[in-house]
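K.L.:
would you be able to build a 3D model of this:
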Amino acid sequence: HPIACAVALKNIEIIEREDLLGNAARVGDYLEQRLAGLSALPIVGDVRGRRLMMCVEYVADQKTKAKLPDEANISKRISNECEAHGLFVRPIGHLDVLSPPLIMTKQEVDFVADTLGAAIRKVTDELVREKVI
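P.N.:
Predicted coordinates:
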């Protein structure tokens with residue numbers, strides 16, 4: 001359809017003009033670095049992905065990679081805590097998935113990493129109190 005084609009061409013023009021792919025590469029590398037620091041938290045089993053498509057996997061034991069019980073609802077609990085502070089992450093099973101926009105800035109990466117880290121620490125403390133871990 002001619003209108004859909006015109007919109008697609010305009011979209012490509014904007015992506016090129018604003019160097020959105022270059023920004024995704026630069027800021028995405030920074031996001032990878034910041035999220036990698038979450039691996040030091042006791043329930044983080046893995047941080048994986050590339051640039052602006054990342055996820056954090058939660059485990060009961062980092063050494064064995066044993067999963068937390070499904071009843072712990074870990075990714076949703078962390079997602080809810082993030083949401084309470086203005087960050088939306090997508091909970092899927094034992095993962096929280098992040099797919100930020102191509103226009104993301106380094107300051108926004110800092111907010112994401114700091115907020116997600118704080119949420120993981122808070123929920124970890126709750127799991128310890130509940131004797132789940």
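K.L.:
what about the helices in this protein?
P.N.:
2-17, 20-36, 74-84, 106-129 (DSSP state H).
K.L.:
who does the second one touch, helix- and strand-wise?
P.N.:
Under the contact criterion of 3 or more CB pairs under 8 Å, 6 or more residues apart in numbering; DSSP states H and E, helix 20-36 touches strand 44-50, strand 53-58, helix 106-129. C-beta here means a position set from N, CA and C on the backbone, and glycine is covered the same way.
K.L.:
any idea which of these is most buried?
P.N.:
Comparing those by mean neighbour count (mean count of other CB atoms under 10 Å), strand 53-58 comes out on top with a mean of 21.
K.L.:
can you check what angle separates that strand from helix 106-129?
P.N.:
20 degrees (axes from the mean of the first three to the mean of the last three CA atoms, to 10 degrees).
K.L.:
isn't V47 right up against Y58?
P.N.:
No: here V47 lies out of contact with Y58, judged by CB atoms under 8 Å, at a distance of 10.7 Å.
K.L.:
rewinding a little: output the helices and strands packed on helix 20-36 as CSV; include the columns mean pLDDT and distance to H1.
P.N.:
Shown next, in CSV, are the helices and strands packed on helix 20-36 (pLDDT from 0 to 100; distance: least, CB to CB, whole Å):
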stretch, mean pLDDT, distance to H1
strand 44-50, 97, 33
strand 53-58, 98, 29
helix 106-129, 97, 35
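K.L.:
need those in JSON lines (columns: distance to H85).
P.N.:
Below are these laid out as JSON lines (distance: least, CB to CB, whole Å):
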{"stretch": "strand 44-50", "distance to H85": "18"}
{"stretch": "strand 53-58", "distance to H85": "16"}
{"stretch": "helix 106-129", "distance to H85": "5"}
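K.L.:
what about the residue lying closest to G93 once chain neighbours are set aside, how many residues nearby?
P.N.:
In space, and not counting its chain neighbours, G93 is closest to S75: 6.5 Å by CB to CB, 6 or more residues apart in numbering. S75 is flanked by 23 other residues according to other CB atoms under 10 Å.
K.L.:
contacting residues for S75?
P.N.:
Counting by CB atoms under 8 Å, 6 or more residues apart in numbering, S75 makes contact with Y58, P91, I92, G93, H94, L95, D96.
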